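Peer 1: Pasting the sequence and the predicted model now:
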Amino acid sequence: MVSKLKMLAVSVVFAGLGAVLSATPATAGQAAGPLANPRCDTDTWNCATRYEWFTGGTISIDADVLGGGTAQWQLYDGSQRVVCSTYFPAIDPPRSWICNNVAAGNVSLFVQELSHTAVATHGGLRW
């Protein structure tokens with residue numbers, strides 16, 4: 001429960017610019033709107049969610065993993081092609097990243113802790 005509240009309450013943003021279809025840490029004002037439906041929250045080392053009606057353009061990825069080692073998230077398009085991804089320390093607090101120029105249509109988010117020892121994994125999409 002604490003982690004879910006932490007995911008909603010903590011807004012950690014990082015400045016940066018990225019290439020087309022690359023993960024860029026979010027800056028204030030870039031990630032707009034509520035979490036899209038659905039989001040994923042699990043008590044295990046991974047979670048996945050899919051959204052069928054993304055309008056295209058910039059999308060924000062939120063991720064939080066409670067574990068050690070390295071975590072990763074991947075954003076897939078409707079063809080199951082990875083269009084954006086990054087690695088991050090699983091001990092980090094909840095974070096957000098920006099992906100630019102994502103095509104309209106279906107998008108899927110997969111968040112995982114690579115050693116499979118995490119006790120909770122959370123992910124969400126915003127635009």
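Peer 2: Yes, it's here. Numbers count the residues shown, from 1 in each chain.
Peer 1: Might you list the low-confidence residue ranges for this protein?
Peer 2: Applying pLDDT under 70 to the chain flags the ranges 1-38.
Peer 1: Tell me where it has helices.
Peer 2: Remark: helices assigned in the chain by DSSP state H are 2-9.
Peer 1: can you pull out the strands in it?
Peer 2: 23-25, 40-42, 46-54, 57-66, 70-76, 82-89, 95-102, 105-113, 120-126 (DSSP state E).
Peer 1: Skipping adjacent residues, who's closest to the residue nearest to the spatial centre of the chain in space?
Peer 2: For the chain, residue 61 is the residue whose C-alpha lies nearest the centre (Cα atoms, centre = their mean; 3.1 Å). Excluding the flanking residues, the one nearest residue 61 by Cβ to Cβ, 6 or more residues apart in numbering is residue 97, at 4.9 Å. (Glycine included, C-beta is placed from N, CA and C.)
Peer 1: wait, the one you found sits on residue 58?
Peer 2: No: assessed by Cβ atoms under 8 Å, residue 97 is found out of contact with residue 58, at 11.0 Å.
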